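Enquirer: no FASTA, just this:
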């Protein structure tokens with residue numbers, strides 16, 4: 001991986017934003033700026049290995065499934081069945097973005113089509129099993145139930161719209 005890919009626009013913007021916030025804090029109280037920077041670096045160190053290992057697992061997992069199976073069930077010719085299967089997989093996939101997004105990218109490299117990938121991302125983001133219990137604990141069971149019920153069809157709709165959009169792009 002070259003430095004160009006490592007330092008993309010998003011990384012540069014966030015780096016500059018962190019520097020600006022640090023300088024603002026420094027102008028108010030240098031001790032607060034130092035303490036928050038140290039806290040952020042310790043948080044990074046604590047979670048960096050988890051993120052690295054999660055990304056490794058997520059990028060290796062799709063290669064355990066044969067390309068033929070991925071293409072058959074989630075490929076371009078899978079149609080509405082692929083969208084439905086990807087929606088179910090997304091809802092059942094636990095994990096944070098640093099694990100799930102590389103997993104989906106790996107599935108796409110193995111032959112998963114755009115429409116099922118969009119459906120999987122949407123289902124994971126809206127009502128994955130890893131998210132729903134936490135959401136219910138924080139936002140309440142009634143809110144979570146309504147949110148899940150209302151958003152159940154959305155990943156399917158997103159997958160179908162993706163197929164339509166791809167015909168024009």
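Expert: Nice, thanks for sending it over. These numbers come from a predicted model, not from an experiment.
Enquirer: all contacts plus neighbour counts: C-alpha atoms, from now on.
Expert: Fine.
Enquirer: quick check: domain ranges of this protein?
Expert: Split into domains by automatic domain parsing, the chain comes to 3-49, 65-168.
Enquirer: need the winner for burial among the ones you listed.
Expert: domain 65-168 (a mean of 19; mean count of other C-alpha atoms under 10 Å).
Enquirer: what about that domain, start to end distance?
Expert: Length of domain 65-168, first residue to last, C-alpha to C-alpha, to the nearest Å: 31 Å.
Enquirer: quick check: longest helix of this protein.
Expert: Criterion DSSP state H: the longest helix present in the chain is helix 30-64.
Enquirer: pLDDT averaged over the next helix or strand after it - what is it?
Expert: Per DSSP states H and E, helix 30-64 leads on to helix 67-74 as the next helix or strand towards the C-terminus. In this model, helix 67-74 has a mean pLDDT of 96.
Enquirer: counting by contacts, list what helix 67-74 packs against.
Expert: helix 79-92 (3 or more C-alpha pairs under 8 Å, 6 or more residues apart in numbering; DSSP states H and E).
Enquirer: pLDDT weak spots in the chain?
Expert: Scanning the chain with the threshold set as pLDDT under 70 gives 1-5.
Enquirer: which residue is nearest the middle of it?
Expert: Nearest residue to the geometric centre of the chain (C-alpha atoms, centre = their mean): residue 97, 3.2 Å.
Enquirer: just to revisit the earlier point, right, and the domains of the chain - which one's nearest residue 56?
Expert: When the domains of the chain are compared by C-alpha to C-alpha, domain 65-168 sits nearest residue 56, at 8.4 Å.
Enquirer: whichever strand or helix holds residue 24 vs helix 30-64, what angle?
Expert: Using DSSP H and E, residue 24 sits within helix 9-28. Our comparison of helix 9-28 with helix 30-64, counting by axes from the mean of the first three to the mean of the last three C-alpha atoms, to 10 degrees, yields an angle of 160 degrees.
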